[in-house]
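1. Have a look at this prediction, sequence included:
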Amino acid sequence: MRQKNSRPGYSLADFLDETRLIDMSRVTQPSEPINTINIKPAEAAKLLGVSPQFIRIGLQRGKFPWGYAVQQSKTRYTYFINRTKLCEVEGVQLNAD
């Protein structure tokens with residue numbers, strides 16, 4: 001059975017309360033625009049020679065240090081894969097289009 005929430009009783013309100021505690025003066029801007037940092041699971045899969053589903057499930061389960069999945073609804077996720085970190089950790093080269 002799939003685990004829904006690793007922190008039982010942790011709600012959106014709890015999350016928002018915690019984010020108010022972040023010192024925004026210490027948050028840095030990315031060196032590149034976010035749309036050039038993020039790549040799609042299918043592109044990461046091609047680079048690593050695995051299926052896109054392997055990448056998506058690994059991101060959903062927090063198995064990769066170079067990306068994460070955010071659950072939008074019961075069956076829908078949004079994915080973020082940091083291309084620079086992926087290339088560094090996995091030792092692959094991202095081809096320029």
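-> Happy to help now that I have it. Residues are numbered from 1 along each chain as shown.
2. in the chain, which spans are strands?
-> 67-71, 77-81 (DSSP state E).
3. name the helices or strands packed onto the last one?
-> Applying 3 or more C-beta pairs under 8 Å, 6 or more residues apart in numbering; DSSP states H and E, one finds that strand 77-81 contacts helix 41-48, helix 52-60, strand 67-71. (C-beta placed from N, C-alpha, C; glycine too.)
4. is it possible to export these to CSV including distance to residue 84 and mean pLDDT?
-> Output for the helices and strands packed on strand 77-81, formatted as CSV (distance: least, C-beta to C-beta, whole Å; pLDDT from 0 to 100):
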stretch, distance to residue 84, mean pLDDT
helix 41-48, 12, 94
helix 52-60, 16, 96
strand 67-71, 11, 94
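5. shaky segments in the protein?
-> Where the chain drops to pLDDT under 70, the residues are 1-9, 16-19, 21-22, 24, 26-36, 95-97.
6. Residue 40 versus residue 12, what's the distance?
-> Look at residue 12 and residue 40: by C-beta to C-beta, to the nearest Å, they are 27 Å apart.
7. Just give me the neighbour total for residue 69.
-> Look at residue 69: counted by other C-beta atoms under 10 Å, it has 20 neighbours.
8. wait, doesn't it sit right on residue 79?
-> Yes: taking contacts as C-beta atoms under 8 Å, residue 69 lies within contact range of residue 79: 5.3 Å.
9. shared neighbours of those two, anything?
-> Residues touching both residue 69 and residue 79 by C-beta atoms under 8 Å, 6 or more residues apart in numbering: 56, 59.
10. Count the residues that sit near residue 93.
-> Other residues close to residue 93 by other C-beta under 10 Å number 7.
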